[in-house]
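*Asks:* Structure, please.
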Amino acid sequence: MRLSGRNSPDRGRLRSCGDGAARQRRRLMPSLVMLAASLIPAGAGLAQEDPLKWLPPGSTVQTTLSERPARWIRAEMQGGTMGYMARLGELAFRSPLTLGREAARRGLSCDACHPNGAANVRFFVPGASDRPGNVDVTHREFHFREDDGIDNPVNIPSLRGVRLTAPYGHDGRVASLRDFSRHVIMNEFGGPEIEPWLLDALVAYQQQLALPPRPDTGDEAADARRAAYRDHCADCHGDDDALPPPARHDIGTGGFFEPPAVFGLAESAPYLHDGSAPTLRAAVAAHRDPPPAEALEPILDWLQAARAVTRRFDPETPAGDLARLLGFLEVLEQPLLDEDFVRADLIADMVAMEVGRVHRRYRPEATDAREATRSWAKDLKQVTAFAREGRFPEARAALAALGEAMEAALPQLESAQGLSLYAATAAD
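*Replies:* Below you'll find the model as predicted:
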């Protein structure tokens, strides 16, 4: 496997860095390693554990076992690919290590609540959730240090198109996506101060999350329904031509909250800030001043059309997981080219967690597939061992060999698919 692909123009320059700079990095290495070890959980040790054992019985974190909310990325929808920072941000978004030690132990990540940027409507942690899709982030079962003794779960929002929806939080209390991401990590999850470069990457990925395409609804009947919606709802919720303006409103549901955009609502039921409305009809009825009776049905019909998406789920497959892993190996290659052990070590820990995800998808009887994923974890440790010793050319060679081993293992993974969660039904 040739990992250097899009990063190859820098390889010669990076390899020819002065020996003095390299010696200085090596002199600093022991203290940096100790600092990293004190701040970062042991990702490799956690990678193959089942994180649900650290959550209350009855917890549900995955959306379904065999599929995920569809992937809608701005660059990919235009025929391109995400840049390095956004790809690093996707890895950080998926990694429990980003949110701190307690989240890592429980397997909770940004992606757990917002898979591919969508709302996880099945997320449920007994005690912290009053219904699927809701969570009380100040409950002892979710974040014990911030337990406020108040039962106040909120509905998990979709992050589709999040770059367009400032300010952030149900009550619009945070102005920027960067500040809100830091707030979630440090205050809601109790994680450590996130490194600026990693926060930049996390924001870059979120800015790539796109609104899903919708089916065409252009006919005369649709125009009439749209007119009713525009007359009674668009000032707060926006329209198909515009997102809602930044504002907070009290509609009679217990406070001032930001009105959400109505696109893609099929992915995000239940509705309202506390998830108390199971249907769109119930959400409209909850308004202190609902639309008049003659406009209600046309509005609901228009919302049903606006809530639709062209593709709601993508299947989970061994080939898809392997392609994602290989992409994350490319992300890891960059700090090895830069000869930056601290960054490489953190990114390798995140990749190890991704290997653990694939490992746990196979039942114990799938011995060949599970042995393959175990060997990947060992090979990844060897990559970081070389980097720790300042042997970066050998680390890069070991990383390339790991990529080749992963590609070669695809037939084993696919042949064992019947003994895995890939074969589970969406109803599971």
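
*Asks:* Give me the neighbour count for Pro56.
*Replies:* For Pro56, the count of nearby residues is 14 (other CB atoms under 10 Å). Heads up, the C-betas are built off the backbone N, CA and C, glycines and all.

*Asks:* wait, doesn't it sit right on Gly127?
*Replies:* Yes. Counting by CB atoms under 8 Å, Pro56 sits close enough to Gly127 to count as a contact (6.0 Å).

*Asks:* can you list residues touching both of these two?
*Replies:* Listed contacts common to Pro56 and Gly127 are Glu141; contacts here mean CB atoms under 8 Å, 6 or more residues apart in numbering.

*Asks:* Okay, now the unreliable bits of the protein?
*Replies:* Regions of the chain meeting the criterion pLDDT under 70 cover residues 1-54, 63-65, 215-221, 240-242, 307-309, 425-428.

*Asks:* show me where it has strands.
*Replies:* In order along the chain, the chain carries the following strands (DSSP state E): 67-69, 134-135, 154-155, 313-315.

*Asks:* quick one, which of the ones you listed is packed in tightest?
*Replies:* Burial among the strands of the chain, expressed as mean neighbours by mean count of other CB atoms under 10 Å, is greatest for strand 134-135, which shows a mean of 23.

*Asks:* That one pairs with which strands?
*Replies:* The partner list of strand 134-135 in its sheet, established with DSSP bridges, is strand 154-155 (antiparallel).

*Asks:* what residues does the strand it pairs with touch?
*Replies:* By CB under 8 Å, 6+ apart, the list of residues contacting strand 154-155 reads 119, 133-137, 170, 268, 270-275.

*Asks:* try it again with 7 Å
*Replies:* With contact meaning CB atoms under 7 Å, 6 or more residues apart in numbering, strand 154-155 is reached by 133-134, 170, 270, 272-275.

*Asks:* among those, which ones are buried?
*Replies:* Among the contacts of strand 154-155, those classed as buried by 16 or more other CB atoms under 10 Å are 133-134, 170, 270, 272-275.

*Asks:* Now tabulate these in JSON lines and tack on distance to Asp340.
*Replies:* JSON lines is the format used below for the buried ones among the contacts of strand 154-155 (distance: CB to CB, whole Å):
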{"residue": "Gly133", "distance to Asp340": "40"}
{"residue": "Asn134", "distance to Asp340": "40"}
{"residue": "His170", "distance to Asp340": "38"}
{"residue": "Pro270", "distance to Asp340": "45"}
{"residue": "Leu272", "distance to Asp340": "46"}
{"residue": "His273", "distance to Asp340": "42"}
{"residue": "Asp274", "distance to Asp340": "44"}
{"residue": "Gly275", "distance to Asp340": "43"}
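
*Asks:* can you pull the contacts of Leu402?
*Replies:* With contact taken as CB under 7 Å, 6+ apart, Leu402 is in contact with 329, 376, 379-380, 383.

*Asks:* Filter those residues down to the ones in helices?
*Replies:* Counting by DSSP state H, the part of the contacts of Leu402 found in helices is 329, 376, 379-380, 383.

*Asks:* of the residues you listed, closest to Ala293?
*Replies:* Checking the ones in helices among the contacts of Leu402 against Ala293 with CB to CB, the nearest one is Leu329 at 59.0 Å.
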